[in-house]
Every structure is written in structure tokens, then in C-alpha cells.
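Chemist: no FASTA, just this:
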Ligand code: B12
Ligand code: SF4
Ligand code: SF4
């Protein structure tokens, strides 16, 4: 009775805040957990120790968050400014998910408003948890279980209507609600396509659905900026300051998105070759997710790109070095 009353209030609230959403109640362990453990044993997580530390908690909701029974998943599309200009030659670029307000903050605000709506109906002892990204959950696997999409060969969740240009967040409740899921599409989103695997500038995919994070530009520019243990930075190219979108740009499921050159908002690009500290500070104020990386590291990465470009255009260098991206 309580569950259906909460659902009546929750549904319009979630519709208002998210592009799509689902509710899982007492979900079973995620079927991909065994694969996740195998992935860790191969060392593909690199320095992301938190994945190892929380590995057993990632098996199921009850392992990760004992006592929590409802997992409310929300999908937030990227900031539209991420698509208002085509990639701009010569400028430094950030991945589209990082455009605008940090998505962790966007989730906290959106779920915060949902909670305001439903909290009069929740029991007093309820302790809601908002978990965007940093939670001990295999989010894509739960989202797939709820029918919000299927994983593509690029390892990202592809939603039937939204492609993969979105982030996933969750709200956990101890109160059992009613499930709201969509039957998992039988259709494999990829079929014989392998564009993402072919387009990856660092060949970070060992195989379809299998990414070695240590080789991924997103890891190298965000999680491990400034280090060059094994010479990987040479393959970073001169396009990305923070993150990388190549395996999403080529995906046919993202074609419908207004990612063409309509509009002319260049806020995703850093328009100077040698940005000063105050340039970078201002840039980071617009794009909150960049605060995950120390300012000094961002400046070092910008310097690195600038150096690559100078080397590539130096006459004694012989043949012009072309960007791998
Ligand atoms: C660690 C991490 C990273 C690492 C590793 C990425 C990775 N693929 O694992 C790095 C730093 C490289 C990274 C990069 C990016 N990330 Co990230 N990342 C995460 C995080 C925190 C954990 C992911 C994880 O568990 N990886 C471990 C490995 C084992 O999992 P996996 O590769 O996803 O493998 C799964 C499937 O492929 C499947 N599987 C594997 N093999 C097979 C084989 C078959 C046959 C089948 C059916 C299934 C299958 O099972 C696996 C286990 O779930 C999640 C948030 C979260 N809490 O889940 C965000 C998350 C996955 N990242 C996200 C984003 C946006 C990105 C970037 C696009 C950011 C950018 N633009 O730079 C890139 C994309 C790179 C890519 N192609 O994945 C979003 C993805 C949204 C979506 N649409 O799917 C998430 C969900 C964050 C969020 N809350 O929105 N990320
Ligand atoms: S984000 Fe870039 S580097 Fe990482 S897997 Fe995708 S294309 Fe490769
Ligand atoms: S580019 Fe092709 S293979 Fe890669 S995720 Fe998209 S549909 Fe699948």
C-alpha cells in the first residue's frame, strides 16, 4: 500500500528530472560480476584501487548496501552545450560528459528534488542514499538489468532512444517500492559493427566488451594525469585535455543526437595553446568535473599538447606528425 502510494508520487517526479528511469527491488546479483572479477585479475584497472577494494560489494545491491532494498536509477543526458559545435581543430577539448555543471552535482540536485517530493511518504527511519557514479555498484549492469539499455562493444550502456551520451546515477532506499523496468531488448545493439574498436586512438579494447582502462585516454588524462610509467603518453595525441569521446562519436546509435556543427557554443574548447593558470581556472569554473584533476595537472597536460604540436610543425622534424585521433 505504502509502496504504491510512493510510486504514484515518485513517477511524475522522476519523469520531470530524468530522461529515463527505472526501479529495481531486491535485485539479484549482477550477471557480469564474474567478468568484472576476471577483468580485475588481469590488472586492467591500473591504479583504480577503489574498484578492487569494493569488488565484493559490487556483486549485488545487498552486498554493497546491506539493508537497502530499492535501487532507483536515473539517466541524465549530457549538457546540450556539449553538442553545439563540431570538434574544433587546433583547440584543446574536453569530453562531452564533463561539459557544464559536474554531473555528480546534477544528480545530487535532481535526486534531492525527488526526495523532497517523496519524503513525506517515507518512514522516519529511512536513510536515503544518493549515489552518482562513486557508489559501490556496477551501474551499467544494473541499468541493463532494468532494461534501460544494453552494453555495446565499447562497454558503454546504449539506450534505445538516447544512444550513449548520458550518465547514470542512483538513489537507494531501504523501503521496498514497486519495480519499474522494461523487458531487456533482445536486439544486440552492435551486430557486426566494430567502429568503436577500430576508432579507438590507443587501441584500448582487448576485444569487444573488454577495455583495458590503462590504455584509455579517459584514464590517462583524468585518473592518471602527468605520469608516464610506460611511455603511453606518446599515444595521447593532441586533441584531448580531459577524457575522450572517440568510441562514442563513431557509434551509429549516437547519430541522431544534435552533435553536428549546428550552433556555435565553443565553451567545450580551450582556445589558447599555452593557457595561463587563470585561463584554466576560468575554464574549470564553467566545467565542474574538471575539478577532479588538480589545476597543475591540467596545465601540464596543456603544455604537453602544446609541445606535441610544436614538435609536429618543426621543419627539422621531417614529416608532419599527424594526430592519431
Ligand atoms: C572505472 C570507470 C571507468 C574507467 C574504466 C572504463 C570501463 N569500461 O570499465 C575509465 C577511466 C577508463 C572510464 C572511462 C569512461 N567512462 Co567511466 N566509469 C567507470 C566506473 C566508475 C566503473 C566501471 C567498471 O566497473 N568497470 C569495470 C569493468 C569490468 O567493467 P566494464 O568494462 O564496464 O565491463 C562490463 C561490461 O562490458 C560487461 N561485459 C564485459 N564483457 C562482456 C562480454 C559479453 C559477451 C557481455 C554480454 C558483457 C560483457 O561486464 C562488465 C562488468 O559490468 C563507472 C561507474 C560505475 N560505478 O559503474 C563509470 C562509467 C562506466 N563511465 C562513464 C563514462 C561516461 C565514461 C567515459 C565516456 C568518459 C569520457 N568521455 O572520457 C569513458 C568511456 C570509456 C569506455 N569506452 O568505457 C559512464 C557510462 C555511461 C554509459 N552510457 O554507459 C559511467 C557509468 C559513469 C556514470 N555514472 O554515468 N570509466
Ligand atoms: S574513451 Fe577514447 S581511448 Fe578510451 S576506449 Fe574510448 S576511444 Fe579509446
Ligand atoms: S560503434 Fe558499433 S560496435 Fe561500437 S558500441 Fe556502437 S554499435 Fe556497438
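Modeler: The structure has been received and is ready for your questions. These numbers come from a predicted model, not from an experiment. Ligands and ions are numbered 1, 2, ... in the order given.
Chemist: what parts of the stretch 51-200 of the chain come near ligand 3?
Modeler: Contact residues, the stretch 51-200 of the chain versus ligand 3 (Cβ under 6 Å from any ligand atom): 152-154, 189-190, 193-196. Backbone N, C-alpha and C define where each C-beta goes, glycine included.
Chemist: find the closest residue to ligand 3 in the stretch 51-200 of the chain.
Modeler: residue 152 (2.7 Å; Cβ to the nearest ligand atom).
Chemist: what are the buried residues along the longest helix seen in the chain?
Modeler: The residue-count maximum for a helix in the chain (DSSP state H) belongs to helix 295-313. Neighbour-count burial for helix 295-313 flags 297-299, 301-302, 304-306, 308 (criterion: 16 or more other Cβ atoms under 10 Å).
Chemist: for stretch 119-137, same thing?
Modeler: Neighbour-count burial for stretch 119-137 [16+ other Cβ under 10 Å]: 121-122, 128, 130-132, 135-137.
Chemist: coming back round to it: would you list the buried residues of helix 295-313 in a markdown table and tack on distance to ligand 2 and pLDDT?
Modeler: Shown next, in a markdown table, are the buried residues of helix 295-313 (distance: Cβ to the nearest ligand atom, whole Å; pLDDT from 0 to 100):
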| residue | distance to ligand 2 | pLDDT |
| --- | --- | --- |
| 297 | 18 | 87 |
| 298 | 18 | 90 |
| 299 | 22 | 90 |
| 301 | 15 | 85 |
| 302 | 19 | 87 |
| 304 | 16 | 82 |
| 305 | 15 | 82 |
| 306 | 21 | 81 |
| 308 | 16 | 77 |
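Chemist: out of those, who's nearest residue 287?
Modeler: The shortest approach to residue 287 among the buried residues of helix 295-313 belongs to residue 298, at 10.5 Å (Cβ to Cβ).
Chemist: around the closest residue to that closest one other than its chain neighbours, count how many other residues there are.
Modeler: In space, and not counting its chain neighbours, residue 298 is closest to residue 280: 5.4 Å by Cβ to Cβ, 6 or more residues apart in numbering. Neighbour count of residue 280, defined by other Cβ atoms under 10 Å: 20.
Chemist: same check, this time on residue 180
Modeler: Around residue 180 there are 18 residues (other Cβ under 10 Å).
Chemist: same thing with the one 10 residues further on?
Modeler: Taking other Cβ under 10 Å as the criterion, the count of residues near residue 190 is 21.
Chemist: secondary structure class for it?
Modeler: coil (DSSP: H, G, I helix; E, B strand; the rest coil).
Chemist: and residue 105, what does it touch?
Modeler: Listed by Cβ atoms under 8 Å, 6 or more residues apart in numbering, the contact partners of residue 105 are residue 288.
Chemist: wait, isn't the residue nearest to residue 298 in contact with residue 295?
Modeler: Yes - counting by Cβ atoms under 8 Å, residue 295 is a contact partner of residue 280 at 5.9 Å.
Chemist: now the strands for the stretch 201-325 of the chain?
Modeler: 205-207, 210-211, 240-242, 269-270 (DSSP state E, counting those that start in this stretch).
Chemist: can you tell me which of those strands is most buried?
Modeler: strand 240-242 (a mean of 26; mean count of other Cβ atoms under 10 Å).
Chemist: listing partners with orientation, what would you give for that one?
Modeler: strand 92-94 (parallel) (DSSP bridges).
Chemist: and the gap between residue 100 and residue 114?
Modeler: 20 Å (Cβ to Cβ, to the nearest Å).
Chemist: who's more crowded, those two?
Modeler: With neighbours defined as other Cβ under 10 Å, residue 100 and residue 114 compare such that residue 114 has more, 24 against 20.
Chemist: ok, then the element right after the host helix or strand of the more buried one?
Modeler: Per DSSP states H and E: residue 114 is located in helix 103-118. Where DSSP H and E defines the elements, the next helix or strand beyond helix 103-118 is strand 129-132.
Chemist: so how far is that following strand from its chain's centroid?
Modeler: 15 Å (Cα atoms, centre = their mean, to the nearest Å).
Chemist: same thing with stretch 161-178?
Modeler: Distance, centroid of stretch 161-178 to centroid of chain: 14 Å (Cα atoms, centre = their mean).
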